[in-house]
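Visitor: Predicted model and sequence below, questions to follow.
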Amino acid sequence: MSARQRITASAPPAKRATVTLSTLAEKKALGEPLVMVTAYDYPSASVAEEAGVDLVLVGDSGAMTVLGYPSTVPVTTEEMLMLAAAARRGLTTPMLVGDLPFGSYEGSDVEAIKNAQRFVKEAGCDAVKLERGGSSVDRARAIVGAGIPVMGHVGLTPQTATALGGYKAQGKTARAAIHLHEDALALQRAGCFALVFEAVPAEIAATIAERLDIITIGIGAGGATSGQVLVFHDLLGITTGHMAKFVKRYADIHEEMVAAVGRYGEEVRGRGFPGPEHSYAVEPEELAEFRRYLDQESLVSKSDWAWEPLG
């Protein structure tokens, strides 16, 4: 190995620049796909940081993946802020986007701005995300006007899945695709820097994406969008049960965790753990002195008990 090779091999990895809106725009212009994952706590955010993703979304999907709710609807703003703040502590480079939960922005522009500001001030988010077109377009415009970047979300919008007929693909008819296209354009005009397309036919998503100037992130929307997002727990195989068609598992962490905890239990019950290598030692003379102290205390206690007057 040459001197140059030795220096290169021993040098620390180059520090990545913090991802900004300008960074994302540059990547889009160059046709470089953007990588986005969800994260809901410090450990998962740290993994995303080390893996070199571009964006991290503290999605309201955390309601189900880490809080155990049956859907995204029950999660509160306080809970989402807690999750976002934890993720923030694990990130340095990726852009952090916080999901505004159901009921936190629909009521009025004032309410939407106030809660978006909390995600920035209290949790350290760089941007917020909201769902749907319609009245959400006005909310997006108001939040952007307050100086906070907004990511929109069209197609399957989990917060209002019941109104959409359940968790199923959207934009499969010409009429639905037109509506989706109009929502996307309206959100772009409102100032959104990016849009998530969820569960949309690939051809429809591609057609709409090419007519937009802003970044598009797909999840079950084909490969023509500017980037892709998957739920952390889904792609790692931590989530169990039925998975959406668009989920690809890159690991099976759940089975590995169950197996590991099972092995731990077996060793505890069989007294195989902890072993000497997992225990702390004490100097023999210190142990001997401690035992002499206990012997003396025992004698004193017995003496006190022997002379205790009878009642």
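Guide: Noted; the coordinates are in hand. These figures come from a predicted structure and were not determined experimentally. Residues are numbered from 1 along each chain as shown.
Visitor: Was I right to think E122 contacts R88?
Guide: No - between E122 and R88 there is no contact under C-beta atoms under 8 Å: 9.7 Å. For every residue, glycine as well, the C-beta is placed using N, CA and C.
Visitor: For these two, indicate the residue with more neighbours.
Guide: Comparing E122 with R88 by other C-beta atoms under 10 Å, the one with more neighbours is R88, at 21 against 16.
Visitor: what's near enough to touch the more buried one?
Guide: 45, 96, 123-125 (C-beta atoms under 8 Å, 6 or more residues apart in numbering).
Visitor: And for G220, the neighbour number?
Guide: Neighbour tally, G220, other C-beta under 10 Å: 22.
Visitor: check contacts around it.
Guide: Contact analysis of G220 by C-beta under 8 Å, 6+ apart lists 156, 169, 198-200, 244-246.
Visitor: could you redo the last one with a cut-off of 10 Å?
Guide: Residues in contact with G220 (C-beta atoms under 10 Å, 6 or more residues apart in numbering) are 155-156, 169-170, 197-202, 205, 228-230, 244-247.
Visitor: give me phi/psi at it?
Guide: The phi/psi pair for G220 (degrees, to the nearest 10) reads phi 70, psi 40.
Visitor: Once you drop chain neighbours, what's closest to it?
Guide: Nearest non-adjacent residue to G220, counting by C-beta to C-beta, 6 or more residues apart in numbering: F246, 3.0 Å away.
Visitor: That neighbour and A205 touch, don't they?
Guide: No - using C-beta atoms under 10 Å as the test, F246 is too far from A205 to be in contact (11.4 Å).
Visitor: of those two, who's got more company?
Guide: Between F246 and A205, A205 has the larger neighbour count (other C-beta under 10 Å), namely 28 against 17.
Visitor: The more buried one is in what secondary structure piece?
Guide: Element membership for A205 (DSSP states H and E) is helix 202-209.
Visitor: and what of S44?
Guide: Per DSSP H and E: helix 42-51 holds S44.
Visitor: one step back: could you turn the buried ones of the contacts of R88 into a PyMOL selection?
Guide: Remark: buried members of the contacts of R88, expressed as a PyMOL selection using 16 or more other C-beta atoms under 10 Å:
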select buried, resi 45+96+123+125
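Visitor: Filter the contacts of R88 down to the ones in strands?
Guide: Of the contacts of R88, the ones assigned to strands by DSSP state E are L96.
Visitor: Check the contacts of R88 against E277 and report the nearest one.
Guide: Nearest to E277 among these is A45, at 32.0 Å by C-beta to C-beta.
Visitor: show me the contacts for the closest one.
Guide: Counted by C-beta under 10 Å, 6+ apart, A45 has contacts 37-39, 53, 56, 58, 83-84, 86-92, 94, 96, 232.
Visitor: Now it. Nearest residue, chain neighbours left out?
Guide: Counting by C-beta to C-beta, 6+ apart, the residue nearest A45 is G90, at 3.0 Å.
Visitor: where does that neighbour fall, helix, sheet strand or coil?
Guide: Following DSSP: H, G, I helix; E, B strand; the rest coil, the label given to G90 is coil.
Visitor: before we move on, what about T216?
Guide: strand.
Visitor: how about it, what does it touch?
Guide: 28, 34, 152, 154, 184, 188, 194-197, 205-206, 208-210, 224-227.
Visitor: Would you state the helices of the stretch 1-150 of the chain in chain order?
Guide: 3-10, 21-30, 42-51, 62-65, 77-88, 109-121, 135-145 (DSSP state H, counting those that start in this stretch).
Visitor: Same list, these, but as JSON lines with mean pLDDT and distance to I178 please.
Guide: Converted to JSON lines, these look like this (pLDDT from 0 to 100; distance: least, C-beta to C-beta, whole Å):
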{"stretch": "helix 3-10", "mean pLDDT": "48", "distance to I178": "55"}
{"stretch": "helix 21-30", "mean pLDDT": "96", "distance to I178": "25"}
{"stretch": "helix 42-51", "mean pLDDT": "98", "distance to I178": "36"}
{"stretch": "helix 62-65", "mean pLDDT": "94", "distance to I178": "31"}
{"stretch": "helix 77-88", "mean pLDDT": "98", "distance to I178": "32"}
{"stretch": "helix 109-121", "mean pLDDT": "98", "distance to I178": "27"}
{"stretch": "helix 135-145", "mean pLDDT": "97", "distance to I178": "16"}
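Visitor: In TSV: these, plus distance to H254.
Guide: TSV is the format used below for these (distance: least, C-beta to C-beta, whole Å):
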stretch	distance to H254
helix 3-10	37
helix 21-30	32
helix 42-51	14
helix 62-65	12
helix 77-88	20
helix 109-121	30
helix 135-145	34
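Visitor: Can you tell me how far the closest residue to P33 other than its chain neighbours is from Y280?
Guide: Residue nearest to P33 in three dimensions, not counting chain neighbours: G227, with 5.4 Å by C-beta to C-beta, 6+ apart. Going from G227 to Y280 by C-beta to C-beta, to the nearest Å gives 49 Å.
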